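Q: Just to be clear, the model below is a prediction. Sequence and coordinates:
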Amino acid sequence: MNVSDVVFEMELSGVDSADIADIVKLYGGRVISSELIDEELLNRGYPKIFTIDYDSYDEYGVWEDDEYNSTEKFPHKQQYFD
């Protein structure tokens, strides 16, 4: 992940520009890890941006509100009925 990508994602998520500059300066010359950046964001009071906590999702809770009906696929061969 490039520094410009990290900065862009943080700007889209509403992180203050001063905090973005501090985080970029903190990890300036090193390899940027998404876990370390999310840890720093949590310390500053922001939610995680780069990692997903899959344990917080229900196994079926995400899909319960699905309003689409299931559809039956069309058969590949034509079938004639009398």
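A: Noted; the coordinates are in hand.
Q: Could you tell me the end-to-end distance of stretch 4-24?
A: Stretch 4-24 has an end-to-end distance of 10 Å (CA to CA, to the nearest Å).
Q: now it: mean pLDDT?
A: Averaging pLDDT along stretch 4-24 yields 91.
Q: With stretch 36-53 instead?
A: When pLDDT is averaged over stretch 36-53, the result is 89.
Q: residues making contact with it?
A: Under the criterion CB atoms under 8 Å, 6 or more residues apart in numbering, residues 1, 6, 9-10, 13-15, 19, 23, 26-27, 34-35 lie in contact with stretch 36-53. For the C-beta atoms, the positions are set from N, CA and C on the backbone; glycine is no exception.
Q: how about 10 Å then?
A: The contact list for stretch 36-53 (CB atoms under 10 Å, 6 or more residues apart in numbering) reads 1, 5-6, 9-10, 12-16, 19, 22-24, 26-27, 30, 32-35.
Q: show me the contacts for V7.
A: 15, 17, 20-21, 23-24.
Q: In helices, which of those appear?
A: 17, 20-21, 23-24 (DSSP state H).
Q: Need the buried ones from these selected in PyMOL.
A: PyMOL command restricting the ones in helices among the contacts of V7 to the buried ones, with burial defined by 16 or more other CB atoms under 10 Å:
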select buried, resi 20+23+24
